[in-house]
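S.K.: Got a predicted structure here, sequence first:
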Amino acid sequence: MPIHLEIVTAEKTALSEDVDQINVPTKDGQIGVLPRHCALITILATGELDIIKDGERTGFAVSGGFMEVLPTRVMILADTIERADEIDEARAERARRMAEERIQQQKDPHKVAELRGDLYRALTRLKVAQSRRIRRKM
């Protein structure tokens, strides 16, 4: 028995389908959601979101938002989300380098914290894209 997953952003519906399992980064850590999961509302963190359907894993880079879990459906309202095969690795690498350079130059600790968030988002995008490439080679 699958669970229905809907992922939406302000711009689009990124996904709407039945899946077997969802692994989600939350502010309290990574959690797994299976069909008949107890009701839950949580805040999403920046990280790797995995969906498993028919034994196939699909990775996404997610950055913030909320998730509502009910026994038969999950609704994710994401600030941003990118499927692994949509990520431009070269662009993500440029963003990583730029964030690292800006962190080195910045003196304001509040701005440094914001720039570290930018760096973590770029690193997450790279990790998701690279894990897809590695799985494809196997």
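M.R.: Structure received. If you're wondering where the values come from, they're calculated on a predicted model, not measured in any experiment.
S.K.: what's the next secondary structure element after the longest strand seen in the chain?
M.R.: Ordering each strand of the chain by length in residues (DSSP state E) puts strand 56-70 first. Helices and strands here follow DSSP states H and E; after strand 56-70, the next one along the chain is strand 73-83.
S.K.: and that following strand, which strands flank it?
M.R.: strand 3-8 (parallel), strand 56-70 (antiparallel) (DSSP bridges).
S.K.: and of those strands, who's closest to residue 25?
M.R.: Among the strands paired with strand 73-83, the nearest to residue 25 by CB to CB is strand 56-70 (6.7 Å). C-betas here are computed from N, CA, C, even on glycine.
S.K.: The helix or strand encompassing residue 99 versus strand 73-83: what angle between them?
M.R.: Element membership of residue 99 [criterion: DSSP H and E] is helix 89-105. Helix 89-105 runs at 80 degrees relative to strand 73-83, counting by axes from the mean of the first three to the mean of the last three CA atoms, to 10 degrees.
S.K.: same for helix 89-105, what does it pack against?
M.R.: Helix 89-105 sits against helix 109-137, with contacts defined as 3 or more CB pairs under 8 Å, 6 or more residues apart in numbering; DSSP states H and E.
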